[in-house]
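J.: sequence and predicted structure, then a few things I'm wondering about:
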Amino acid sequence: MLKTENPCQKTKKHVLKKPEASVIILSTLIFFMEATVETDVLIIGGGATGTGIARDLALRGITSLLVEKGDINAGASGGNHGLLHSGARYVANDGESARECMEEGKILRQTAPHCIDDCGGMFAAVQGDDENYVGEFQGFCARSGISATPISIETAMEAEPLLSKKLIAAFGVRDGAIDPFMLSLENIAHAKALGSKLLCHTEVVAFEKDNHCITRVWLENIHTHQRFSVDPRQVINAAGAWSGKVDALAGAATEIIYSMGTLLVTQSRMTEGVINRLRPPSNADILVPGGTVSILGTTSIRVNDPDRIRPTVAETDLIVSQGAQMIPTLETTRYIRAYSGVRPLVSQGKGDDRSVSRSFVLLDHQETGLDNFATITGGKLTTFRLMAEKTADLVAARLGNTTPCKTRTEPLPSTQEGKWTEPGIAPRVWMQKPAGKKDRILCECEMIAESTVDALADALEKNGQAPDLLNIGKRSRLGKGPCQGAFCSTRVLAHMYNNGRLSGPDGANELKAFLSERWKGQKPIFWGDQLVQAELTEAMHCGLFDLELTTPDPDKPEPKKVSDSLAKTTRQSERRN
């Protein structure tokens, strides 16, 4: 129990301290130095958990300021399958996580149905899989209260024709697919509508403490390098894989395991529902529909730094070979992108990273002498709401707020900010335009028209963010088709120049930043049609526009040029062909 005289409990206003100039630009929001930002809680981390906490607190009448050093879902929330877990994956070795997933899945289907493709799922075993595990699977599920319905081989093959003919067993489960970007964008949009604030591209650089409290937090805009301070009543660390680093800044030690997982995106949707390999969790044993594509993965590799990750050719080969045992056409299908994310795991002992519980950990830091600091980490996308609830319960109690959690029953509003991440919505809207209205298609892969780009740019400007290619791409399907932005990037830029949103050389910088981001996921999948596509992209943007794209290499100080990457893919392409 906190004492009433504790300075952490005193009502404070968060003043942006003037560093050098009278005005600073933070994530394109202009804050005048004499203004006061009133907030109760500083939240660090703009993933699903951080945005979920902001909404939960706002529904209790507690305002917050959320800061994120990148953009929304820059960490694990944007680098995952997008799987809404039934919980069946964890029934054998992590019953707590299994039950959490099952219960939270039910809640999310009721409160955020527009973010979910309730496609169902199947666990499938093929010849060579552990038949003892297959025989025990339904009992494991029953122990956790999870439904797993046996499916005949004939019925399973009829439902999912691409399954291997070596199928020996199948069970139906309540898996689904969830759009993590829509989820986070809708959560923070609702929080902002209720009075909370968001600053992207803003990093925590230092804490000041007094009398067992964090009294001041120093922040830095990563683009302008301007620094300012906030004086919070409560601080929540929801930085995911970076939570250990934030805790260390505050003087609290938390050991985080960085477990990197890589995933591949197919050109088209391969299955109707989620397909899981019926075996203990391993590599490349889940295929999740992602609207018009499918996402195959994942791996589990220990890394030393969450800022220095990238998918590799070796992982790609492993994912394809393992996935093809379950669905043989995965060996020959076209992949358009690879990406990686880092799972933040809190180790409770020795063993393989997959043996670490996928449940979450909430630390109140009382033992380290910090009465107004909390860290929430671990968990899964499926359990983000529960993680937010438990964290908000702790912080609300510290603030003397007795309003109960409302996110269990309060529907998540659908907003303009999250609308355009939905696969297929742009062409549907375009088809509904009045007869005779001109609305040119700028992205042919995803059928994104001028009006959609304008709507996205208007929404970004309204929220104080730059309507650049990266921000528009994060909030839509732009650049996510087979060409990976090769054509649509220049068309969108031309449209923005015509509308006066861009001037001078800004477009060249935006083009390079956008295509370099898309390029990061290209190298590990250079074979077949996608290699041809990459050659065309290089010819257009490097040859015609004299624009050298680069990819960061964690092992070397100098970035690699596109031509260097292409030159080193011959063996991989020959192996695939």
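T.: It's in.
J.: the strands in the stretch 51-200 of the chain, which residues?
T.: Secondary structure of the stretch 51-200 of the chain, counting by DSSP state E, counting those that start in this stretch: strands at 64-68, 83-84, 116-117, 121-126, 149-151, 167-173, 176-178, 197-200.
J.: likewise for the stretch 401-550 of the chain?
T.: With DSSP E, counting those that start in this stretch as the criterion, the stretch 401-550 of the chain has strands at 441-443, 448-449, 550-551.
J.: give me whichever of the ones you listed is most buried.
T.: Among these, strand 448-449 has the highest mean neighbour count (mean count of other CB atoms under 10 Å), at a mean of 25. In this view, the C-beta of every residue, glycine as well, is placed from N, C-alpha and C.
J.: now that strand: how far from the chain's centre is it?
T.: 24 Å (CA atoms, centre = their mean, to the nearest Å).
J.: flag the shaky bits of the stretch 251-400 of the chain, pLDDT-wise.
T.: Where the stretch 251-400 of the chain drops to pLDDT under 70, the residues are 347-358.
J.: what's the burial count for residue 440?
T.: Other residues within reach of residue 440, judged by other CB atoms under 10 Å, total 11.
J.: tell me the contacts of it?
T.: Residue 440 makes contact with 449, 450, 495 under the criterion CB atoms under 8 Å, 6 or more residues apart in numbering.
J.: the last one reaches residue 452, doesn't it?
T.: No. Because the distance of 10.8 Å does not satisfy CB atoms under 8 Å, residue 495 is recorded as not touching residue 452.
J.: neighbour count: those two, which is higher?
T.: More crowded of residue 495 and residue 452, by other CB under 10 Å: residue 452, with 26 against 18.
J.: just checking, the more buried one touches residue 426?
T.: Yes. Applying CB under 8 Å, one finds residue 452 in contact with residue 426, separated by 5.1 Å.
J.: intersection of neighbour lists for these two?
T.: Joint contacts of residue 452 and residue 426 (CB under 8 Å, 6+ apart) are 420, 476.
J.: domains of the protein?
T.: The chain breaks down by automatic domain parsing into domains covering 7-75+181-255+359-398, 115-175+257-345, 420-576.
J.: the shortest one: how far from the chain's middle?
T.: Okay, so that is domain 115-175+257-345. Using CA atoms, centre = their mean, the offset of domain 115-175+257-345 from its chain centre is 18 Å.
J.: returning to what we had before: possible to save the strands of the stretch 401-550 of the chain as JSON lines with distance to residue 459?
T.: What follows is those, written out as JSON lines (distance: least, CB to CB, whole Å):
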{"stretch": "strand 441-443", "distance to residue 459": "17"}
{"stretch": "strand 448-449", "distance to residue 459": "14"}
{"stretch": "strand 550-551", "distance to residue 459": "30"}
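J.: same list, these, but as CSV with mean pLDDT and distance to residue 276 please.
T.: Converted to CSV, the strands of the stretch 401-550 of the chain look like this (pLDDT from 0 to 100; distance: least, CB to CB, whole Å):
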stretch, mean pLDDT, distance to residue 276
strand 441-443, 95, 32
strand 448-449, 94, 32
strand 550-551, 52, 32
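J.: which of those strands sits closest to residue 195?
T.: Across the strands of the stretch 401-550 of the chain, residue 195 has its closest neighbour in strand 448-449 (32.4 Å, CB to CB).
J.: which parts of the stretch 51-200 of the chain are helices?
T.: 95-111, 131-143, 153-159, 180-193 (DSSP state H, counting those that start in this stretch).
J.: now the first one against helix 180-193, angle please.
T.: This points to helix 95-111. For helix 95-111 against helix 180-193, the angle between stretch directions is 70 degrees (axes from the mean of the first three to the mean of the last three CA atoms, to 10 degrees).
J.: next, the buried residues of helix 95-111.
T.: 95, 97, 98, 99, 100, 101, 102, 104, 105, 108, 109, 111 (16 or more other CB atoms under 10 Å).
J.: what about residue 529, how many residues nearby?
T.: Residue 529, neighbours per other CB under 10 Å, totals 12.
J.: quick one, what contacts the residue lying closest to it once chain neighbours are set aside?
T.: Nearest residue to residue 529 in three dimensions, chain neighbours excluded: residue 334, at 5.1 Å (CB to CB, 6 or more residues apart in numbering). By CB under 8 Å, 6+ apart, residue 334 lies in contact with 266, 267, 482, 528, 529, 530.
J.: the first one and residue 326, how far apart?
T.: Using CB to CB, to the nearest Å, one gets 14 Å for the distance from residue 266 to residue 326.
J.: with neighbour numbers in mind, choose between these two.
T.: Neighbours were counted for residue 266 and for residue 326 using other CB under 10 Å; residue 326 has more, 26 against 22.
J.: I'd say that one and residue 277 touch.
T.: Yes. Residue 326 is within contact range of residue 277, at 5.3 Å (criterion: CB under 8 Å).
J.: next up, phi/psi of residue 214, please.
T.: Backbone torsions of residue 214, given as degrees, to the nearest 10, read phi -80, psi 120.
J.: same question, residue 201
T.: phi 60, psi 40.
J.: next: residue 386.
T.: Residue 386 has phi and psi values of phi -60, psi -40 when expressed as degrees, to the nearest 10.
J.: circling back: turn the strands of the stretch 51-200 of the chain into a markdown table, columns for mean pLDDT and distance to residue 158.
T.: Output for those, formatted as a markdown table (pLDDT from 0 to 100; distance: least, CB to CB, whole Å):
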| stretch | mean pLDDT | distance to residue 158 |
| --- | --- | --- |
| strand 64-68 | 97 | 45 |
| strand 83-84 | 97 | 23 |
| strand 116-117 | 97 | 21 |
| strand 121-126 | 98 | 12 |
| strand 149-151 | 98 | 10 |
| strand 167-173 | 98 | 11 |
| strand 176-178 | 97 | 21 |
| strand 197-200 | 94 | 47 |
